[in-house]
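1. Attaching a predicted model along with its sequence, questions to come.
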Amino acid sequence: MNSNEVEMQKEYIKKIYEINKAKNLKYYILTMGCSLNENDSEKICGMLEEMNYTRTDNMDEANFIVFNTCCIRENAEDKLFGKLGEVKKFKKQNNAIIAIGGCMMQEKHIIKKLKESYPYVDILFGTHTLHKLPEDIYNKLSTSQKIEDILDIDGEIIEGLPIKREDKLKAQVTIMYGCNNFCSYCIVPYVRGRERSRKPEDILKEIKGLASEGYKEVMLLGQNVNSYKGAENYGFAELLSDVQKIDGIERIRFISPHPKDFTDDVIDVIAKYEKICKSVHLPLQSGSSKILKEMNRKYTKEQFLNLAYKIKEKIPNVALTTDIIVGFPGETEEDFADTLDVVEKLKFEQVFMFIYSRRVGTVADTMENQIPEEIKHKRFDKLKALVESQIEENNKKYIGTIQKVLIDGTSKTNENTLSGRTDSNKVVVIEADKSYIGKLVEVKITEDCLWYLKGKLANALRK
Ligand code: SAH
Ligand code: SF4
Ligand code: F3S
């Protein structure tokens, strides 16, 4: 069934290729969401390129424009509506096909708004029908009708779609889809469906293929990676230990684990194997046990602290990072103080901070005690100041140390320097020859700036 579906879509790809082959057609893609969304976009790009569309970064020359949307917070949704205003003129100018996919398309009120106010959009496709994009495009080309291809039920796992990756060194690999947790603030379970894990053999085959193409790093992706279940007695710990056996892959990262499922076997595997980065993203959300209960996170402040201490003890020099939401309904100054307290205690390497955003259809949206915007912003600023002072302090600890850095290219601000990341995912900038790009090197850290570190090649230092 699964492979039949892919074969059928490949037939559509061939048919569209025939229609497109003599034309010099271009596509423009904008990805608005998380890493899972980015990985979906890589599949969209893979399919489009096989249909003979080539990528452009200029929307004004595109014949096919696709937005891969996100609805995690209100500002993500605003982004789409901003872009849709812009796109209208290209529709007229190039007769471009406009397609919108991704998480927002699973929301009924959004589809209604799009149909009513943006009639020039041609194709709407959801998270469960991404693989059917070739069929949707073919139908659009052959009938000129508007296409709406959205399913409410969980899609099957589709293997073997074409893929065009963004990076040549680091690859993202989705290991599971969906989420079962229903944190009360979060839209993801509604738009991504229930948890579905890929088979271990499919994941391992994909990563072996990546290694043979020269990839050095893989990022395993899922909304809750540590509830990965590949088979009876085969969970996330087993998957990690199998991935690290693959020759050529030098680094393994993963996001996001859920604290409630962080079992000892996973901690032990991270501690044991060199290739698994000593870096753990452990989303806290709030430091108040009362708020955590309202959020349906299934752990208390103390349980979170104990887990973090255990990870720090078992994995020496581990870098912990986290996500925090401020201004959840009912959050008092005392609750917020608990959040600051956890941050003080754990000294995270990085904190991704979010202002609570009401999401239609979630439990928290119906709670009465919503926090005024002004208070949310004040708390956010206070947390940000604490986090920045901790990062500054933390960066100093790196000075004089030798770090393993995977050099991924020239630095964004200066063509003459190279940049890469440490095991703990810190950006490091060095002055070195471009031949080091793609190599894992030892760097001695010499200087700290807030968002990155500077260093020198350690082997050059030894000379
Ligand atoms: N599955 C991941 C998170 C995915 S969403 C996990 O559980 O860690 C990424 C982050 O967005 C969440 O960790 C949370 O901090 C934030 N987030 C989710 N819904 C939000 C909302 N309604 N308002 C503000 N931030 C939100
Ligand atoms: Fe959302 Fe919670 Fe699932 Fe993460 S675990 S995706 S925050 S419902
Ligand atoms: Fe956004 Fe969907 Fe990811 S809502 S955060 S793109 S799973």
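-> That came through fine. Ligands and ions are numbered 1, 2, ... in the order given.
2. Which of the helices or strands spans the residue nearest to Gln350 when sequence neighbours are not counted?
-> Distances taken as Cβ to Cβ, 6 or more residues apart in numbering place Thr321 nearest to Gln350, at 4.2 Å, with adjacent residues excluded. All C-beta atoms are positioned from the backbone trio N, CA, C, and that covers glycine. Applying DSSP states H and E as the criterion places Thr321 in strand 319-326.
3. does ligand 1 sit close to that strand?
-> Yes: Strand 319-326 reaches ligand 1 (Cβ under 6 Å from any ligand atom) through 323, 325.
4. Report all helices and strands that that strand contacts.
-> strand 279-281, helix 301-314, helix 333-346, strand 350-355, helix 373-396 (3 or more Cβ pairs under 8 Å, 6 or more residues apart in numbering; DSSP states H and E).
5. Please enumerate the strands of the stretch 1-150 of the chain.
-> 25-31, 53-55, 64-69, 97-102, 123-125, 147-149 (DSSP state E, counting those that start in this stretch).
6. Can you add distance to ligand 3 and give those back as a markdown table?
-> Below are the strands of the stretch 1-150 of the chain laid out as a markdown table (distance: least, Cβ to the nearest ligand atom, whole Å):
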| stretch | distance to ligand 3 |
| --- | --- |
| strand 25-31 | 9 |
| strand 53-55 | 21 |
| strand 64-69 | 7 |
| strand 97-102 | 6 |
| strand 123-125 | 14 |
| strand 147-149 | 18 |
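7. just so I know, which of these lies nearest Glu442?
-> strand 25-31 (33.9 Å; Cβ to Cβ).
8. packing partners for the closest one?
-> Judged by 3+ Cβ pairs under 8 Å, 6+ apart, strand 25-31 is in contact with helix 35-50, strand 53-55, strand 64-69.
9. From what I see, the residue nearest to Gln350 and Leu346 are in contact.
-> No: look at Thr321 against Leu346 with Cβ atoms under 8 Å: they stay out of range, at 10.2 Å.
10. sorry, back to before: and the residue nearest to Gln350, what does it touch?
-> 279-282, 348-352, 425 (Cβ atoms under 8 Å, 6 or more residues apart in numbering).
11. just the buried members of these?
-> 279-282, 348-351 (16 or more other Cβ atoms under 10 Å).
12. so which of those comes closest to ligand 3?
-> Nearest to ligand 3 among these, counting by Cβ to the nearest ligand atom, is His281 at 13.9 Å.
13. Not counting its neighbours along the chain, what's nearest Asn296?
-> Ser184 (4.8 Å).
14. ok, now which ones touch the closest residue in space to Asp60 that isn't next to it in sequence?
-> What sits nearest to Asp60 in space, not counting adjacent residues and going by Cβ to Cβ, 6+ apart, is Phe90, at 6.0 Å. Contact partners of Phe90, counting by Cβ under 8 Å, 6+ apart, are 59-60, 62, 65, 96.
15. Mind telling me which residue of this protein is nearest ligand 3?
-> Closest point on the chain to ligand 3, by Cβ to the nearest ligand atom, is Gly33, at 2.4 Å.
16. Isn't that residue up against Phe67?
-> No: here Gly33 lies out of contact with Phe67, judged by Cβ under 8 Å, at a distance of 10.4 Å.
17. can you tell me which of the contacts of Phe90 lies nearest to ligand 2?
-> Using Cβ to the nearest ligand atom, these come closest to ligand 2 at Ile65, 28.2 Å.
18. Report the beta-bridge partners for Ile255.
-> Leu221 (DSSP bridges).
19. What parts of the stretch 1-150 of the chain come near ligand 2?
-> Residues of the stretch 1-150 of the chain lying near ligand 2 (Cβ under 6 Å from any ligand atom): none found.
20. What residues does the stretch 1-150 of the chain have near ligand 3?
-> So the stretch 1-150 of the chain meets ligand 3 at 33-34, 36-37, 70-72, 103 (Cβ under 6 Å from any ligand atom).
21. Tell me the most packed of these, by neighbour count.
-> Cys103 (27 neighbours; other Cβ atoms under 10 Å).
22. Identify the residues contacting that one.
-> 33, 37, 69-72, 127, 187-188, 191-192 are the contacts of Cys103 under Cβ under 8 Å, 6+ apart.
23. try Ile249
-> 207, 210-211, 215-218, 243, 275.
24. Over to Gly327?
-> With Cβ under 8 Å, 6+ apart, Gly327 has these contacts: 355-356, 371, 375-376, 379-380.
25. what does Gly400 give?
-> Neighbours of Gly400 in contact, by Cβ under 8 Å, 6+ apart: 444-445.
26. same deal with the one 4 residues further on?
-> Lys404 makes contact with 422-423, 440-443 under the criterion Cβ under 8 Å, 6+ apart.
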